[in-house]
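> sequence plus predicted model, see below.
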Amino acid sequence: TSVYHEIMLGYLDYVKQRGYVYAHIWACPPHEGDDYIFHCHPENQKTPKPKRLQEWYKTILDKGQAEGIVFEYKNIFAMCNDEDMRSAVDTYYCDGDFWPQQLEDSIKELEREEQEQRQLEEKEMQEADEPNEEDSSTTDGKKNSSKAKGQKKANSKNKKNQTKRNAAKKI
């Protein structure tokens, strides 16, 4: 463990000297068969639980503060509160992180819902354009659909409302 600590602190010191002021550490244990920090691990090496891994990183960061390598550190919740972040869009994203995936899934769901709504509206418009069973024949053999009758009623109401508005202007 002390070798890992020195490697991490050595890297943090190296990037600090290169001008970096922030480092984001993903402190979730890998899934079975995944590796990080180093590519390969012995099969008998145990994977730490989340709390244990977080404590391990805190130990490194505390040592880094004592040596002047690390100025301060905090978890993402404290960082969001300190920087007054109000939405998920304001947070930092790391590849493979939980929140970016949640946002991507939400965007896909919204796009799917919008597509379904557009398809439903198109279907309704097509059905409205098709001849209706309630069509009736006039004396001259032409057809008047209930849609056309409804349009005539709407036009009649609009004319009455326009007349009322004009009368109100005159008063």
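Happy to help now that I have it.
> show me where this structure has strands.
If DSSP state E is used as the criterion, the strands of the chain fall at 136-137, 143-144.
> the first one - what's its average pLDDT?
Read it as strand 136-137. Per-residue pLDDT values over strand 136-137 give a mean of 50.
> please renumber the chain so that the first residue is 676 from this point on.
Got it, first residue is 676 now, which makes that one strand 811-812.
> what mean pLDDT does the longest helix along the chain have?
Of all segments of type helix in the chain, defined using DSSP state H, the longest is helix 773-804. Averaged over helix 773-804, pLDDT sits at 88.
> separation between the closest residue to Lys749 other than its chain neighbours and Asn750?
The spatial neighbour of Lys749 that comes closest, neighbours along the chain excluded (C-beta to C-beta, 6 or more residues apart in numbering), is Asp757 at 7.1 Å. C-beta here means a position set from N, CA and C on the backbone, and glycine is covered the same way. Distance of Asp757 to Asn750, computed by C-beta to C-beta, to the nearest Å: 11 Å.
> again, but for Ile782
As for Ile782, its distance to Asn750 is 26 Å (criterion: C-beta to C-beta).
> then Gln790?
Remark: distance between Gln790 and Asn750 (C-beta to C-beta) = 38 Å.
> neighbours of Lys738, how many?
The number of residues packed around Lys738, counting by other C-beta atoms under 10 Å, is 16.
> actually, Glu784.
Other residues near Glu784 number 10, with proximity taken as other C-beta under 10 Å.
> equivalent analysis for Val690, please.
Using other C-beta under 10 Å, Val690 has 13 other residues around it.
> contacts only, for it.
Val690 sits next to Ala698 when contact means C-beta atoms under 8 Å, 6 or more residues apart in numbering.
> how far away is it from Glu747?
Between Val690 and Glu747 the distance is 16 Å, computed by C-beta to C-beta.
> got a list of what Leu736 touches?
Residues counted as contacts of Leu736 (C-beta under 8 Å, 6+ apart) are Val745, Tyr748.
> again, but for the one 4 residues further on
Listed by C-beta under 8 Å, 6+ apart, the contact partners of Gln740 are Phe746, Glu747, Tyr748.
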